[in-house]
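Enquirer: Sharing a model prediction with you, sequence too.
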Amino acid sequence: MSDTIRVLILAVVQGIAEFLPISSSGHLVIVNEVLKRLQGGTIPDEGMTLNIALHVGTLGSILVVYFQRLKQILLEMDWKLCSAIVIASIPAAILGIGFKDQLEPLFASPAMAGFGLLVTAALLIIGQRLQSGRFTDRNLPWSIALIVGCFQGVAILPGISRSGSTISGGLLSGMERESAATFSFLIAIPAIGGAALLESVKWLKNGDTSGHAVPGLTLVIGMIVSFVVGIVALRLLIQLISKQRLHWFGYYCLCMGVIVLVWQASEGKLTL
């Protein structure tokens with residue numbers, strides 16, 4: 001399988017799963033494992049440079065879709081919302097930086113991704129049923145922002161959707177549907193941007209340790225594809241949330257999680 005085809009597959013998966021609440025990390029683990037099987041176990045590691053490129057693409061998707069909201073925040077100097085975003089970003093930053101070495105091995109485990117998908121399914125279904133809708137992103141208490149941030153911190157684990165957990169966390173904490181989605185993707189900007197920055201610093205210091213350099217043009221193609229697919233996926237999710245269809249993704253994650261765990265159990269690999 002050529003680098004271009006592999007990168008295109010991963011870019012589409014990243015663009016879709018970064019925003020639809022089905023876990024990009026979990027699906028990338030599963031897709032990489034499937035691609036390895038198709039290649040007879042010879043597929044190279046995706047490498048940091050590709051990981052950075054795909055995340056930068058999806059970060060651009062958020063900036064485009066929420067451009068008007070971001071512009072409004074800056075023009076109105078909405079420091080309360082800005083501080084809420086900072087507060088919500090703290091748990092993920094602490095876990096991501098403090099436990100990075102302990103978490104990295106989990107991203108090679110399809111079984112872990114399967115368990116994570118079951119957690120995502122539970123969050124989505126429960127969040128849809130117990131939503132109360134008292135707060136918006138304009139009058140959000142810092143305590144609620146911190147709770148949503150804790151949900152984002154848990155989503156560092158593969159299979160647990162960042163968007164799914166934060167939106168569900170917002171709904172369970174009393175946020176309105178559209179506001180929960182908006183806040184989820186506003187706090188995704190520092191989360192995704194920060195992760196890409198950390199990877200970039202590591203790459204500048206150590207180079208790409210995957211042993212397989214993806215051509216520059218292929219990286220650009222992957223970034224563009226994840227950007228375009230991300231815009232479509234994000235706008236679709238916003239529409240479905242407004243129609244109270246979040247539980248659809250919960251049932252999908254439930255089915256996918258069970259399939260992955262049965263697959264891993266059949267091979268005697270049901271270990272974390």
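Expert: Looks like it came in fine. Numbering: from 1, shown residues only.
Enquirer: Can you pull the phi and psi angles for Ser109?
Expert: Main-chain torsions, Ser109, degrees, to the nearest 10: phi -110, psi 110.
Enquirer: what does Ile22 give?
Expert: According to degrees, to the nearest 10, Ile22 has phi -130, psi 10.
Enquirer: hang on, isn't it packed against Leu124?
Expert: No. Checked against Cβ atoms under 8 Å, the pair Ile22 and Leu124 is beyond contact range at 9.2 Å. Just so you know, the C-beta spots here come from the backbone N, C-alpha and C atoms, and that holds for glycine as well.
Enquirer: Could you name every residue contacting both of those two?
Expert: Contact criterion Cβ atoms under 8 Å, 6 or more residues apart in numbering; residues shared by Ile22 and Leu124: Ser161, Gly164, Phe249, Cys253.
Enquirer: Mind checking which of these land in strands?
Expert: Of the shared contacts of Ile22 and Leu124, none are assigned to strands by DSSP state E.
Enquirer: Shouldn't Thr182 be within a helix?
Expert: Yes. According to DSSP: H, G, I helix; E, B strand; the rest coil, Thr182 belongs to a helix.
Enquirer: rewinding a little: list just the nearest of the shared contacts of Ile22 and Leu124 to Val56.
Expert: Lowest distance from Val56 to those (Cβ to Cβ) belongs to Ser161, with 19.9 Å.
Enquirer: Got phi/psi on the closest one?
Expert: The phi/psi pair for Ser161 (degrees, to the nearest 10) is phi -70, psi 130.
Enquirer: neighbours around it, how many?
Expert: 31 (other Cβ atoms under 10 Å).
Enquirer: Verify the stated contact: it with Glu18.
Expert: No. With contact defined as Cβ under 8 Å, Ser161 does not reach Glu18; the gap is 9.2 Å.
Enquirer: end to end, how far does stretch 133-153 reach?
Expert: Stretch 133-153 has an end-to-end distance of 23 Å (criterion: Cα to Cα, to the nearest Å).
Enquirer: returning to that earlier point: out of the shared contacts of Ile22 and Leu124, flag the one nearest to Ser266.
Expert: Cys253 (20.3 Å).
Enquirer: OK, contacts around the spatially closest residue to that closest one that is not a sequence neighbour?
Expert: Spatial nearest neighbour of Cys253, excluding adjacent residues (Cβ to Cβ, 6 or more residues apart in numbering): Ala121 at 4.0 Å. By Cβ under 8 Å, 6+ apart, the contact set of Ala121 is Gly250, Tyr251, Tyr252, Cys253, Leu254, Gly257.
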